[in-house]
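*Asks:* no letters, just coordinates:
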């Protein structure tokens, strides 16, 4: 939890608790779990107690009031079109985790709802549990909902649910976090007309799985055709081969996500650059699209 963050698409993070349970292939190499294990904590898995962050409510109100631990960050909201700070809630957990006590969720929801001068970003892998968890609570007009989608199976299952929630709960904007992207995904036009944002990124860290460049290019083209803001967050551990930076450990990644020794049709030469060196350029361009947020 911090008044500032290195996450490319937000300005600050607030976590009311830490810990979660893995629910899909995108969770296999969870950065939050890896980070917490370094501190010796056991807060992951079903029926495992989460760790409540006592300072979270004070932190989100400090952000609401424009205060900051870092003076430079206090000005960051002025960089955005609506001069509001973007705050990602629960970067180390899931707000709709059913393992969390009801009173913890109520406290988090009340504090988040009260901070109307912030642009709240909520990301979840549990779209099917949202209405049950809300239990009649009103969705705040300054908060958007992003769901995690890593493959076509998850897209087909969860995007229609997200769109229906947007309608029923009057959610001001919705988006997809397609990170780590683990396969080619087709976003149907009837979905895209309702989506306000698509974030795409590759996996980083130990055990990272490479992302084929054509998966990203196709999503960019689909979003561009429907005027959906597109943000390319990172390549992750692996990125495309760059002839300006020769590497001896080049491998061929098929469009199906498999690594090949013989070059198949559609394969792309890839290199394990490491996250920082791989960067976030897509064919020489940085894509930093954001949803238009109108509160009130």
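*Replies:* Thanks, I have it. All figures in this text were calculated on a predicted structure; none of them were measured in a lab. Numbering: from 1, shown residues only.

*Asks:* quick check: the gap between the closest residue to residue 241 other than its chain neighbours and residue 10.
*Replies:* Nearest non-adjacent residue to residue 241, counting by Cβ to Cβ, 6 or more residues apart in numbering: residue 269, 3.8 Å away. All C-beta atoms are positioned from the backbone trio N, CA, C, and that covers glycine. From residue 269 across to residue 10, the span is 33 Å (Cβ to Cβ, to the nearest Å).

*Asks:* with residue 236 instead?
*Replies:* Taking Cβ to Cβ, one finds residue 236 at 18 Å from residue 10.

*Asks:* between residue 269 and residue 10, which one's more packed in?
*Replies:* residue 10 (18 against 15; other Cβ atoms under 10 Å).

*Asks:* which non-adjacent residue is nearest the more buried one?
*Replies:* With sequence-adjacent residues excluded and distances taken as Cβ to Cβ, 6+ apart, residue 10 is closest to residue 88, at 4.1 Å.

*Asks:* the one you found should be in a helix, yeah?
*Replies:* No: under DSSP: H, G, I helix; E, B strand; the rest coil, residue 88 falls outside any helix and is assigned strand.

*Asks:* please name the residues that touch the closest residue to residue 42 other than its chain neighbours.
*Replies:* Setting aside the residues directly before and after it, residue 42 is nearest to residue 48 in space (Cβ to Cβ, 6+ apart), at 6.5 Å. If a contact means Cβ atoms under 8 Å, 6 or more residues apart in numbering, then residue 48 has 19, 21, 42, 99 as its contacts.

*Asks:* please identify which helix or strand holds residue 48.
*Replies:* Using DSSP states H and E, residue 48 falls within no helix or strand.

*Asks:* for it, report the pLDDT, please.
*Replies:* Looking at residue 48, its pLDDT reads 90.

*Asks:* can you point me to the longest helix in the chain?
*Replies:* For the chain, the helix reaching the highest residue count under DSSP state H is reported as helix 152-169.

*Asks:* now do the next helix or strand after it: distance to the chain's middle.
*Replies:* Heading C-terminal from helix 152-169, the first helix or strand you meet, by DSSP H and E, is strand 174-178. How far strand 174-178 lies from its chain's middle: 7 Å, per Cα atoms, centre = their mean, to the nearest Å.
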